[in-house]
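Engineer: Turn this into a structure:
(2 chains)
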Amino acid sequence: GAVVSQHPSWVICKSGTSVKIECRSLDFQATTMFWYRQFPKQSLMLMATSNEGSKATYEQGVEKDKFLINHASLTLSTLTVTSAHPEDSSFYICSASVGGVSYEQYFGPGTRLTVT
Amino acid sequence: SQKIEQNSEALNIQEGKTATLTCNYTNYSPAYLQWYRQDPGRGPVFLLLIRENEKEKRKERLKVTFDTTLKQSLFHITASQPADSATYLCARQNQAGTALIFGKGTTLSVSS
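Structural biologist: Reported below is the predicted structural model:
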């Protein structure tokens, strides 16, 4: 089946620094990738939709200057958390679809970010 | 705005029994609903997709129904096993058709 990887699986950074998270579709090409954030005991909250070769579409309330998304190829999307603060600590998960949201999404294993 | 609700946070059943999880949605009926399984500290894994015109769909021990009158989907696991213990999420398309909206999930615990 379709496999999506994320790197790193966990990261600890100091407040004020930036962190980059990579999301790769390993065996298929994804024109669209999605970035989610999940707090403990909460559902996945969509942050942005990443389209290859174009600007990401951010959900309401998500700061695009703080969460920089780049989708440079059909197999790689990156999320950079800039000037991280402790409240950005969360579980970040990406997903990719072979055909948009009308089809099943394949999720990465997630990245646990802790900002100290 | 369209919502998706999984009213039960947790469900505890004994091994061998059938687990039934409920997902309710508001406003217009989505063209389809999706169900995912999520284990602690992991990303969700796709299980089943059921379309609006499909009343029922099966995959091995899993069965999903879609009732547009009740605005509800039921997810069944028959002959449940401890390995089925996980959080199960349902999801619907947003109105623009650009993304999925997830419910909070129901955490199933199957005891032996």
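
Engineer: For chain A, just list every one of the strands.
Structural biologist: Taking DSSP state E as the test, the strands found in chain A are A:4-7, A:10-13, A:19-25, A:32-38, A:45-51, A:57-58, A:67-73, A:76-81, A:90-97, A:105-107, A:111-115.

Engineer: Name the residues linked to A:H7 by a beta bridge.
Structural biologist: The partner list for A:H7 in beta bridges (DSSP bridges) reads A:E22.

Engineer: In this structure it contacts A:K20, no?
Structural biologist: No - using C-beta atoms under 8 Å, A:H7 makes no contact with A:K20, being 9.3 Å away. No exception for glycine: its C-beta is placed from N, CA and C like everyone else's.

Engineer: How many neighbouring residues does residue 60 have?
Structural biologist: Here I'm looking at chain A. 4 (other C-beta atoms under 10 Å in any protein chain shown).

Engineer: I was after chain B.
Structural biologist: Applying other C-beta under 10 Å, we find 7 residues neighbouring B:E60.

Engineer: That one and chain A: what is the separation?
Structural biologist: Plainly put, B:E60 is 15 Å away from chain A if you go by C-beta to the nearest C-beta, to the nearest Å.

Engineer: B:S109: neighbouring residues, count only.
Structural biologist: 14.

Engineer: actually B:T22, sorry about that
Structural biologist: The local packing of B:T22 (other C-beta under 10 Å) involves 17 other residues.

Engineer: What of the one 3 residues further on?
Structural biologist: B:Y25 is surrounded by 21 other residues when neighbours are defined as other C-beta under 10 Å.

Engineer: what's the closest non-adjacent residue to the residue nearest to the spatial centre of chain A?
Structural biologist: Among the residues of chain A, the one closest to the centroid is A:W35, at 3.5 Å (C-alpha atoms, centre = their mean). Distances taken as C-beta to C-beta, 6 or more residues apart in numbering or on different chains place A:M47 nearest to A:W35, at 4.6 Å, with adjacent residues excluded.

Engineer: contacting residues for that neighbour?
Structural biologist: For A:M47, the contact set (C-beta atoms under 8 Å, 6 or more residues apart in numbering or on different chains) comprises A:35-37, A:58-59, A:62, A:67, A:79.

Engineer: quick one: it from B:Q6, how far?
Structural biologist: 21 Å (C-beta to C-beta, to the nearest Å).

Engineer: Could you do B:L21 as well?
Structural biologist: Taking C-beta to C-beta, one finds B:L21 at 7 Å from B:Q6.

Engineer: Check the contact lists of the two and give me the overlap.
Structural biologist: In contact with both B:L21 and B:Q6: B:88, B:90, B:106, using C-beta under 8 Å, 6+ apart.

Engineer: Surely the first one touches B:R37?
Structural biologist: Read it as B:Y88. Yes - the criterion here is C-beta under 8 Å, and B:Y88 meets it with B:R37 at 5.7 Å.

Engineer: Now the common contact residues for these two.
Structural biologist: Common neighbours of B:Y88 and B:R37, counting by C-beta under 8 Å, 6+ apart, are B:L47.

Engineer: more neighbours, these two?
Structural biologist: B:Y88 (24 against 19).

Engineer: And for whichever residue of chain A sits closest to chain B, the neighbour number?
Structural biologist: Of all residues in chain A, A:F107 sits closest to chain B, at 3.4 Å by C-beta to the nearest C-beta. A:F107 has 24 neighbours, counted by other C-beta under 10 Å.
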